[in-house]
Structures are given as C-alpha cells and as structure tokens.
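Enquirer: Predicted coordinates and the sequence they were generated for:
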Protein chains: 2
Amino acid sequence: MNIYDNEEFFTSYIALRNGQNYNDLLETPAMLSLIGDVKGKDILDIGCGFGKTDSMLIDMGASSVIGIDKSEKMIRKAMAENSRDRIEYMVMDAEDITLPSNAFDIVYSSLCFHYIEDYSSLLRNIHRMLKSGGMLLFSQEHPITTADYDGSFSSDNRSYTFSSYQKEGRRCSTWFVDGVITYHRTFSTILTELVQNHFNINTVLEPKPTENAIKELPRIIREYEKPSFLILKSYKI
Amino acid sequence: MNIYDNEEFFTSYIALRNGQNYNDLLETPAMLSLIGDVKGKDILDIGCGFGKTDSMLIDMGASSVIGIDKSEKMIRKAMAENSRDRIEYMVMDAEDITLPSNAFDIVYSSLCFHYIEDYSSLLRNIHRMLKSGGMLLFSQEHPITTADYDGSFSSDNRSYTFSSYQKEGRRCSTWFVDGVITYHRTFSTILTELVQNHFNINTVLEPKPTENAIKELPRIIREYEKPSFLILKSYKI
C-alpha cells in the first residue's frame, strides 16, 4: 500500500502540513520562483498531494492543470479543498502515467521523485508528454539526505553525519510510520540521467531559508549546514 | 605565495603523488574516461602541476597541449619530467590567463577550481578561449568536502560528519602545511554558473573506486560513504 493512504501516516502528514513546515517555508517558494509565467500553460503535477499548488497555479493564470497522485485519500482531499474549473485530479501512479503525448507545457513535481524506483523510465515518459521545449521542474529530497536514513544532525544542529552516498538504491526509513520506502540516487545520476533522456539543464537549486522562515520555524536554520531539498529545472530538447 | 611553491608543501605533495594516491587511482582515470578521442585536438590544461597528464594527452594523439600552473616549482618539474615536442609549459595564474581566443578544442583542469575565488570570471575566460563547441572538462574537490574543512570520517571510516554546506566562500585548512586557502561553492552554484556562462552540461560524475583501487589503497573504500571529487563535462554553446 501507498504510505499516503495509511491512516496513521495520512493524519500525521496533514497535521505537519497544517503547521509551519519545510514545504511552505522553503520548498514551494523556491519551486514557484523558478516556474516563470504560467499564463496560458497546460501543466501536469506529478504527486499533487492535496492540490494546494494546483489551485495556486490556476490562480496564477495556468490554462489547465492535471494533478495526479497515487493516494486516493490525497485526491479526495484535493477535490474537496482545491477544486477549480480547470483542474482535473486523478488517482494515478507516477510510475505508470497514461496521459497523452505532447500535451503539457510544464511538468511540475514536488517531493515525489525520491519515491520512484525507475527514474529513467519516468523521465522518458515525461519527455513524451511534454510539448517541444516544455519545462520539467521537480524537487526531491537532497541526495545527502536520501543517502543514509540514519543520517542525523548533532544535538546542537551544527553538523550532520551521514554515510552510503555512493550506494544507490532502496532505503527503508521511519517517517511517522515504519517502512517508508524511498530510492537514493547520487547527484551525478540525477543530473546525467536528465541529460541522457534529452533534457537541457537550466537551473540547479538547493534552497536556503529566508530570515522570515527562520523566525517562523527556528530549527530550519540548520538548512545552512545541510540542505534538505534539491530542485532541478530543465527543458525538453 | 602559492602553496605549491612552499618547500615543505611541495616535498610532501610530491611524496604523496609518488605513492598510491587518489589522483592516480580515482580522479585521473575518471577524467580520461570522459575526455573522448583527443587526436588532433588543441588542449589547455589549467593547473597542470608536474605535467603527468599533459605528456599522456600527447601520447594519446593530441595535436598540442599548453600546460599552465601558478607554481614555478611545478612548471620546472613538468619541463624536466614531462616534456614533449608539442607541449608548452608556462607559469601562469588560472585567475589571470592571457591566451588567445577561440584557440582550444578542450580545456582540461584537474583539482584546481576549488582554489579559484572568482569562478564565474574563470568560466567567462575559458568560454572565450574555447573554439565553438569546445569541451570544458574539470574536476574539483566535492562540495561536501569543501563545505567544512573540519569535516571528518568516523574512526571506523563508516560515516562522515560535516557542516556549513550553504555557507559559500573562503576556507582555510591544513593540508601538509597550515593556511591552505580554498573556496567552497555548492553543487547548485557550480552547475548553474556553468549554464549561465553558456556551457551545456553533458556529464556529472562522482567517481567510485574500482576493486583494484581498493586493493592498492584500502582506505579509498570510504569513497563509498562520501565522495572526494566532482567531475563536470560541458560544452561551449
């Protein structure tokens, strides 16, 4: 089962997202700073969750948004809370997307790719669905973070200890519940696979918290020691 | 003074390079695996040291090699040990290269860029000197390594502790001698500056040691926990 459909996980995750959190303070602003003008654009959001960004994209002028997520609970919440005329939400697995070719100006994906086992196959599918010159903008957990799920900050939050960076593959960790499965890929794999699948790399971003974010959530200051997120903007060649 | 002209540093460095070392076992093979066919190519080597790679490049069929290094000691050693008809060695600072425009098919640089303060200005100068479509292939210390010069492996070599990743700039460390100055840049800065200076990213590589390398130098196995080097291959647009 998809962890996001696990009752315990889902409840804890929604509680997290309702408070001050890394997504709202760090990841989403960084993603939106790179997306550019979305007016008139057709957008696919892979791993849309409860649709918060999708309704924002429509409000920013996007022509249409399709939000897909593997979790039925998430899609139900998205339909209830972030419904708009030009948004379609679908329960669909990112690893098996069956949507038309040459259909999207932008493929957007927030913190989903580290759950994907076959990254190369996903990139090929995204390439197929993008219009010529279309943008792929995605974020994922930073490779330093995905390397080692025993990785941890010192008690004073001033240094970070990790291992296994060059040992790619499956990781099983605890995040609200036991048995959360993610896949570690190195920086070089993430970037080089993009190039090999005919994406032109435009921007690499490891977002830093603003002073305001630190005021709202003081422990986010440890992002200065070790980043949590990696964001990549590239274009279909 | 350039540290490579410091007598104590120079002696220790040459002793290191004469034994089993990370350059010969890991970094140089990875660089040469990416350089492709050098037959008939005009090559600039920035930070050529004692010219070991330069004579190799000529032996591999390069048309000409110019090797520059800031250290007079290194250039003297290069002239004495790795001289060839079509190699020219020059004492020249990487941060102030005055060589012709559109002159090189390949700019090669091994483990020099982390000594450079103004990376963007270096990239602009390299872009100027490369022929259209020419290749920039460089290695540097990995950003996880340059982040924190107090960064260290655990005593069993199975985990690595570091900090200050998002605090870019000058680092002062001890490597054979006190006061070795390097500059930390994040992965995202390194990559995005390349794109902004009109280089097309082709390959990102964090080399892993072979079984043979581990046999020759057992502690190199800790590269599997934390990489030492970052290698980038890109082309002038």
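Expert: Done, it's in.
Enquirer: Torsion angles phi and psi at residue A:218?
Expert: Here is the backbone geometry of residue A:218 (degrees, to the nearest 10): phi -50, psi -40.
Enquirer: all strands for chain A, in order.
Expert: For chain A, the strands defined by DSSP state E occupy A:42-46, A:64-69, A:87-91, A:104-109, A:130-141, A:152-153, A:160-162, A:169-175, A:177-184, A:199-205, A:229-236.
Enquirer: State the pLDDT value of the nearest residue to residue A:138 once chain neighbours are set aside.
Expert: Nearest residue to residue A:138, sequence neighbours excluded (Cβ to Cβ, 6 or more residues apart in numbering or on different chains): residue A:109, at 4.1 Å. C-beta coordinates here come from the backbone N, C-alpha and C atoms, glycine included. Looking at residue A:109, its pLDDT is 98.
Enquirer: Among the strands of chain A, which comes closest to residue A:118?
Expert: Proximity of the strands of chain A to residue A:118 was assessed by Cβ to Cβ; the nearest stretch is strand A:177-184, lying at 8.9 Å.
Enquirer: That closest one pairs with which strands, parallel or anti?
Expert: Applying DSSP bridges, strand A:177-184 is found paired with strand A:169-175 (antiparallel).
Enquirer: contacts for the partner strand?
Expert: For strand A:169-175, the external contacting residues (Cβ atoms under 8 Å, 6 or more residues apart in numbering or on different chains) are A:9, A:117, A:146, A:148, A:149, A:179, A:180, A:181, A:182, A:183, A:184.
Enquirer: and if we set it to 10 Å?
Expert: A:3, A:9, A:12-13, A:16, A:114, A:117, A:141, A:146-151, A:164, A:178-185 (Cβ atoms under 10 Å, 6 or more residues apart in numbering or on different chains).
Enquirer: Of those, just the buried ones, ChimeraX syntax please.
Expert: To isolate in ChimeraX the members of those that are buried, counting by 16 or more other Cβ atoms under 10 Å in any protein chain shown, one can use:
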select /A:3,9,13,114,141,146,147,148,149,151,164,180,182,183,184,185
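Enquirer: coming back round to it: what is the neighbour count of the residue nearest to residue A:138?
Expert: 23 (other Cβ atoms under 10 Å in any protein chain shown).
Enquirer: Next up, the contacts around it.
Expert: A:31, A:44-48, A:68, A:94, A:116, A:122, A:126, A:136-140, A:232 are the contacts of residue A:109 under Cβ under 10 Å, 6+ apart.
Enquirer: 8 Å instead?
Expert: Neighbour list for residue A:109: A:45, A:46, A:47, A:94, A:136, A:137, A:138, A:139 [criterion: Cβ under 8 Å, 6+ apart].
Enquirer: Enumerate the residues of chain A near chain B.
Expert: A:144, A:148, A:154, A:158-167, A:186-188, A:191-192, A:195, A:200-206, A:208, A:223-227, A:230 (Cβ under 8 Å from any Cβ of the partner chain).
Enquirer: Please list only the buried members of those.
Expert: Among the residues of chain A next to chain B, those classed as buried by 16+ other Cβ under 10 Å are A:144, A:148, A:159-166, A:186-188, A:191-192, A:195, A:200-206, A:208, A:223-227, A:230.
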